[in-house]
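# Return atomic coordinates for the entry below.
(chains A, B, C and D)
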2 protein chains.
Amino acid sequence: MATGRTHRPATRSRGIPEATVARLPLYLRALTALSERSVPTVSSEELATAAGVNSAKLRKDFSYLGSYGTRGVGYDVEYLVYQISRELGLTQDWPVVIVGIGNLGAALANYGGFASRGFRVAALIDADPAMAGKPVAGLPVRHTDELEAIISDNGVSIGVIATPAGAAQQVCDRLVTAGVTSILNFAPTVLSVPEGVDVRKVDLSIELQILAFHEQRKAGEETAAASAATAGATPVPPRVARAAGGGRKGPDGDVPAVMPA
Amino acid sequence: MATGRTHRPATRSRGIPEATVARLPLYLRALTALSERSVPTVSSEELATAAGVNSAKLRKDFSYLGSYGTRGVGYDVEYLVYQISRELGLTQDWPVVIVGIGNLGAALANYGGFASRGFRVAALIDADPAMAGKPVAGLPVRHTDELEAIISDNGVSIGVIATPAGAAQQVCDRLVTAGVTSILNFAPTVLSVPEGVDVRKVDLSIELQILAFHEQRKAGEETAAASAATAGATPVPPRVARAAGGGRKGPDGDVPAVMPA
DNA sequence: TTTTGTGAATGGCTTCACAGCG
DNA sequence: CGCTGTGAAGCCATTCACAAAA
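Presented below is the predicted three-dimensional model:
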């Protein structure tokens, strides 16, 4: 429906696998902690434990960046911190805007993890005129009308969307038109963006749903048919146009196989 | 160091691939939207577009759940909503606790996406005595002392950690001891948990760092050596015990290759 | 001897392409 | 004839295991 490709075009980033890129911030965090304790060197085994991965994976990841270790010794902490920071682009200054200053937007504005990694909150933007001028996390909230000006004045290329779902696509379009090319989306919607724009999505309820899936599996081993037992407000299992017999059935045998009346 | 396995033991969930499980909530959201518009059936192509994936993947995902479609027609929206909800365990009621009622914790407590999907916030818990009793999102904040009692009184099996990093492991240990077996962690730390406990991690700054990586790649095509140009407060590139020559170099040729003095 | 760096083996996920069913 | 369901192929990521370097 919208413009061409959607949702992470996965631009095969020159050589470094996407999975490795996603782990670099993890390594960086562990290394920073070591650096603060003035630990000079670290082995792949130790660092892997601290980052919560296994050491073979870590060494392979680092091998994509270059040979930065010393055999028989390990990795120089400071040097690795620098190399990974540079690889991630954190030696630069990245101005970001946060759009949608509700509970979540305010939490993001106050989050210390941004500033400490080269991300500078250039502006907070909200559509509510009553919010305009009110200080949040030490910054005055600006009105949406100013969005385009703020983006171009500050050379912002990364935008964070924390609006309600209904407003997200519209905000996204304006951000992109104004020159933003990377978007972190907290709104529960799939955003359409033109080629060349990266979108990453964080969805709080999706994570919980994944946990619930596994949780259910754990419980399923004890209580036999626990499905409809616990709830007090489960809606009626909908009947549906669905033929009996034929293909494979649901994996657990307890498919209702409801027939139309 | 800590107890046995760490960070997502990836319990090969009987039949359904992890990647598929992670997409089910996405499909569910798209289907719910269709359901609200009273759309009776949907093709894999349409639904895939709405969910931001490609249609072959969607069909393969659904094939793990069973044959719920009708050839030549598509999928019955209501029926699929029910099947996916059931598969994810959302037909049950899941009481959750949120520990750490700072900015983020409050945002989570107010987030509507939980309640609408079977997750009921059973309690908000904070270590600050000054917070105790104060209402947040309509619930009184309880003190950490009551944590164990709250968990067992409400049969809570899912916990959300939104504390500062320093407190996270301790809170995690107490949650696990009290009976929680699934944890959603917003604190920027790797949590150690015993076998059988699932942990999922949401890290706001990691997502931004991944975006910065790609952003840097985009910019790199235009401005040649942009690395140290923009910043005004970049710390000194650390010198380090690193021999010249030998192995492969960094992928972009501009490795400083600093020598010890 | 210790620990890295990496080919080779393995396993999982995605995509293709089409048989089969309605 | 349209669209699902799915083997088969291809791709990407993880893990193994060891040669090479310090």
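# Quick check: the gap between A:Ala19 and DNA strand C.
For A:Ala19, the distance to DNA strand C (C-beta to the nearest atom of the strand, to the nearest Å) stands at 10 Å. Glycine gets a C-beta too; all of them are placed from N, C-alpha and C.
# Any buried residues in whichever strand or helix holds that residue, and which?
Here A:Ala19 sits within helix A:18-36, counting by DSSP states H and E. Within helix A:18-36, the residues that count as buried by 16 or more other C-beta atoms under 10 Å in any protein chain shown are A:20-21, A:23-31, A:34-35.
# Which secondary structure elements does it sit against?
Contact partners of helix A:18-36 among helices and strands, from 3 or more C-beta pairs under 8 Å, 6 or more residues apart in numbering or on different chains; DSSP states H and E: helix A:44-51, helix A:55-65, helix A:77-88, helix B:204-220.
# Quick one: mean pLDDT over it.
Averaging pLDDT along helix A:18-36 yields 98.
# Also stretch A:109-121?
Here the average pLDDT along stretch A:109-121 is 90.
# cool, and stretch A:143-151?
Stretch A:143-151 carries an average pLDDT of 98.
# That one near chain B anywhere?
No - applying C-beta under 8 Å from any C-beta of the partner chain, one finds stretch A:143-151 out of contact with chain B, separated by at least 14.2 Å.
# Format the CA atom coordinates belonging to that stretch as CSV.
C-alpha atoms of stretch A:143-151 as CSV (Å, rounded to 0.1, in the frame of the first residue of the first chain):
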residue,chain,number,x,y,z
HIS,A,143,4.8,21.7,19.7
THR,A,144,4.5,19.4,16.7
ASP,A,145,4.2,22.4,14.4
GLU,A,146,7.9,23.0,15.0
LEU,A,147,8.9,19.5,14.1
GLU,A,148,10.4,20.2,10.7
ALA,A,149,12.3,23.2,11.9
ILE,A,150,13.7,21.3,14.8
ILE,A,151,14.9,18.5,12.6
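# mind listing what's buried in it?
Using 16+ other C-beta under 10 Å as the test for burial, stretch A:143-151 gives A:Thr144, A:Leu147, A:Ile150, A:Ile151.
# A:Thr177 is in contact with the last one, correct?
I take that to be A:Ile151. No - here A:Ile151 lies out of contact with A:Thr177, judged by C-beta atoms under 8 Å, at a distance of 9.2 Å.
# Let me see the contact set for A:Tyr111.
B:Asn103, B:Leu104, B:Leu204, B:Ser205 (C-beta atoms under 8 Å, 6 or more residues apart in numbering or on different chains).
# so which of those residues comes closest to B:Val97?
The closest of the contacts of A:Tyr111 to B:Val97 turns out to be B:Leu104 (C-beta to C-beta; 14.7 Å).
# The helix holding A:Ala19 vs DNA strand D: in contact?
Yes - residues of helix A:18-36 contacting DNA strand D under C-beta under 7 Å from any atom of the strand: A:Glu18, A:Ala19, A:Thr20.
# now the stretch 101-250 of chain A, which segments are flagged as low pLDDT?
A:221-250 (pLDDT under 70).
# Would you map the strands across it?
Per DSSP state E, counting those that start in this stretch, the stretch 101-250 of chain A carries strands over the ranges A:119-126, A:135-136, A:139-143, A:158-161, A:182-185, A:198-201.
# Deepest in the core, which of those strands is it.
Neighbour counts averaged per stretch over the strands of the stretch 101-250 of chain A are highest for strand A:158-161, at a mean of 26; criterion: mean count of other C-beta atoms under 10 Å in any protein chain shown.
# what pairs with that strand, and is each one parallel or antiparallel?
Strand A:158-161 pairs in its sheet with strand A:94-99 (parallel), strand A:182-185 (parallel), by DSSP bridges.
# thinking again about what came up before, let me know the next secondary structure element after the helix holding A:Ala19.
In the C-terminal direction, the helix or strand that comes right after helix A:18-36 (DSSP H and E) is strand A:41-42.
# what's the offset of that next one from the middle of its chain?
Centre-to-centre, strand A:41-42 and its host chain are 29 Å apart (C-alpha atoms, centre = their mean, to the nearest Å).
# List the neighbouring strands of it plus their orientation.
strand A:74-76 (antiparallel).
# Tell me if the partner strand is near DNA strand C.
Yes - counting by C-beta under 7 Å from any atom of the strand, DNA strand C is contacted by strand A:74-76 at A:Gly74, A:Tyr75.
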